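Novice: Sequence and predicted structure are below.
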Amino acid sequence: MSGVQDVREMSVAVAFDGMKSVADVVFRAGCPECRSSFELSAGALRLAIGATSKTTFYSFTCPECGLAVRKPAGERIVELLTGGGVRTLRLHSTV
Ligand SMILES: [Zn+2]
């Protein structure tokens, strides 16, 4: 009964607080299940980069309901997440 998330809710706003250290970067995210919104530190997010943008997504666990949320990550989001120190997993090898 899981696995299908409503990706239309997808939105990531990144609050760069000036040019402070990476530790100060938080990512605002919302949960499609309980509809709460919250701020996540870089360590709470994972980014998986696939061969195409369609297989590139980020994931996190909702701090409110515990749902594992997975959402597609566009080019800009990938930039924001990697720039913010989010752990990145490459799903394919280009070697
Ligand atoms: Zn939730």
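Specialist: Yep, it's here. Because the structure is a prediction, the values reported are computed rather than measured.

Novice: Surely residue 85 and residue 25 touch.
Specialist: Yes - counting by C-beta atoms under 8 Å, residue 25 is a contact partner of residue 85 at 6.7 Å. Yep, even glycine has a C-beta here, placed from its N, CA and C like the rest.

Novice: More neighbours: the two, which one.
Specialist: residue 25 (21 against 15; other C-beta atoms under 10 Å).

Novice: isn't that one right up against residue 81?
Specialist: No - using C-beta under 8 Å, residue 25 is not in contact with residue 81, being 9.5 Å away.

Novice: just to revisit the earlier point, find residues that contact each of residue 85 and residue 25.
Specialist: residue 42 (C-beta atoms under 8 Å, 6 or more residues apart in numbering).

Novice: hang on, the earlier thing: if I look at residue 25 and residue 81, which residues touch both of them?
Specialist: In contact with both residue 25 and residue 81: residue 42, using C-beta under 8 Å, 6+ apart.

Novice: For residue 33, the count of nearby residues, please.
Specialist: 17.

Novice: Which residues are in contact with the residue lying closest to it once chain neighbours are set aside?
Specialist: Of all residues not flanking residue 33 in the chain, residue 67 sits nearest, at 4.5 Å (C-beta to C-beta, 6 or more residues apart in numbering). Listed by C-beta under 8 Å, 6+ apart, the contact partners of residue 67 are 2, 31-34, 61.
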